[in-house]
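Enquirer: one predicted model, sequence on top.
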Amino acid sequence: MTRTVLESRTKTVVIGFDEPFCVIGERINPTGRKKLAAELEAGDFSTVEKDALEQVACGAMVLDVNAGVVYNSNPNPNETEPPLMTRCIEIVQGLVDVPLCIDSSVPAALEAGLAAANGRPLLNSVTGEEDRLDLVLPLVKKYNVPVVAISNDDTGISEDPDVRFAVARKIVERAADFGIPAHDIVVDPLVMPVGAMATAGRQVFTLVRRLRDELGVNTTCGASNISFGLPNRHGINAAFLPMAIGAGMTSAIMNPVRPVEMEAINAANFLMNHDANGGKWINFAKVLEATKEGTPFTEAAAAAMAAGGGRGGRRGGRRRA
């Protein structure tokens, strides 16, 4: 079975077909968050600290770290983003010990993140664009890390799922030329908004099955894309995630501080026999009971973690040389 191994300093998380669904926390990302972007430019990391602690308490097994701030004082991300990425990673690693997902469109920031990260992080991302393949795949090989492969190329994002599958296959094959195995490629088949494309859900479920059966790769997505522009987005996300898990999706970049989505994932893990004896479901049910009594979800989850019901990976990761 395909196993994509991620590590922090002391913990290991495995993304795999027979593993619990891997929740990658999305919150440490200034895109669309003006307050966070302003804080980061000013050297204020208080929201980063809060987001790191809350996401892990609520069930994130991996944390995505994105430092893509467009500075008012210097609009050149090649100069500003690498040191900011390094600082963000240092702060997050000082607070929580889960593997990281280093997220940037700037190759220098990706390498800065790789140099700063403990263990074996996930690199986010490479696409099928020729320039991006030539820049990112050598980093993946050099640091021996897994990478998110996004199914678009120089022609853009296709609405045809067969084209997106072909792009994913191209990336897997090109990675093999660098000696990068398929188990270190986590494909994002690109989830389209169902409000704009009625077949978006069915498309991604079919794509995930093909990626698993024909390429043998793990998969991920930006889970909230499915509900973009629609009311009651969390309800749609909560329906989408178990359906994607049933189709074979093994991870998602998502917001774990939303109880309805996390309830759906915990239930899906139990139903897929990825939660031995329902232990995690029972612990999560206790968190939900506390929220019914008025405790905020993040506080109830943090209390459960402190009491020993937390998650976050297996012990035994190592520092990468």
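Expert: Received it, and whenever you're ready, just let me know what you need.
Enquirer: so how far is Ala166 from the nearest residue to Arg169 once chain neighbours are set aside?
Expert: Nearest non-adjacent residue to Arg169, counting by C-beta to C-beta, 6 or more residues apart in numbering: Leu215, 6.1 Å away. For every residue, glycine as well, the C-beta is placed using N, CA and C. The gap separating Leu215 from Ala166 is 11 Å, by C-beta to C-beta, to the nearest Å.
Enquirer: show me which of these two is the more surrounded one.
Expert: Neighbour comparison, Leu215 and Ala166: the larger count goes to Leu215, with 19 against 14 (by other C-beta atoms under 10 Å).
Enquirer: now the host helix or strand of Pro138: how far from the chain's centre is it?
Expert: Counting by DSSP states H and E, the element that carries Pro138 is helix 130-143. How far helix 130-143 lies from its chain's middle: 19 Å, per C-alpha atoms, centre = their mean, to the nearest Å.
Enquirer: that helix - contacts with which helices or strands?
Expert: Here helix 130-143 touches helix 107-116, strand 122-127, strand 147-150, helix 161-177, going by 3 or more C-beta pairs under 8 Å, 6 or more residues apart in numbering; DSSP states H and E.
Enquirer: list the contacts of it.
Expert: Here helix 130-143 makes contact (C-beta atoms under 8 Å, 6 or more residues apart in numbering) with 107, 110-111, 114, 123, 125-127, 146-147, 154, 171, 174-175, 178-180, 184, 320.
Enquirer: may I have it as PDB, with CA atoms only?
Expert: Coordinates of each C-alpha in helix 130-143 appear next as PDB, following Å, rounded to 0.1, in the frame of the first residue of the first chain:
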ATOM      1  CA  GLU A 130       7.600  23.100 -17.200                       C
ATOM      2  CA  ASP A 131       9.300  25.900 -15.300                       C
ATOM      3  CA  ARG A 132       7.800  24.800 -12.000                       C
ATOM      4  CA  LEU A 133       8.800  21.200 -12.600                       C
ATOM      5  CA  ASP A 134      12.400  22.300 -13.300                       C
ATOM      6  CA  LEU A 135      12.500  24.400 -10.200                       C
ATOM      7  CA  VAL A 136      10.700  22.300  -7.600                       C
ATOM      8  CA  LEU A 137      11.600  18.700  -8.400                       C
ATOM      9  CA  PRO A 138      15.300  19.200  -7.800                       C
ATOM     10  CA  LEU A 139      14.400  20.600  -4.300                       C
ATOM     11  CA  VAL A 140      12.200  17.500  -3.600                       C
ATOM     12  CA  LYS A 141      15.100  15.300  -4.500                       C
ATOM     13  CA  LYS A 142      17.700  17.300  -2.700                       C
ATOM     14  CA  TYR A 143      15.800  17.300   0.600                       C
END
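Enquirer: tell me the angle that helix makes with strand 122-127.
Expert: 150 degrees (axes from the mean of the first three to the mean of the last three C-alpha atoms, to 10 degrees).
Enquirer: and helix 130-143 with helix 161-177, angle?
Expert: Going by the same axes, to 10 degrees, helix 130-143 makes 40 degrees with helix 161-177.
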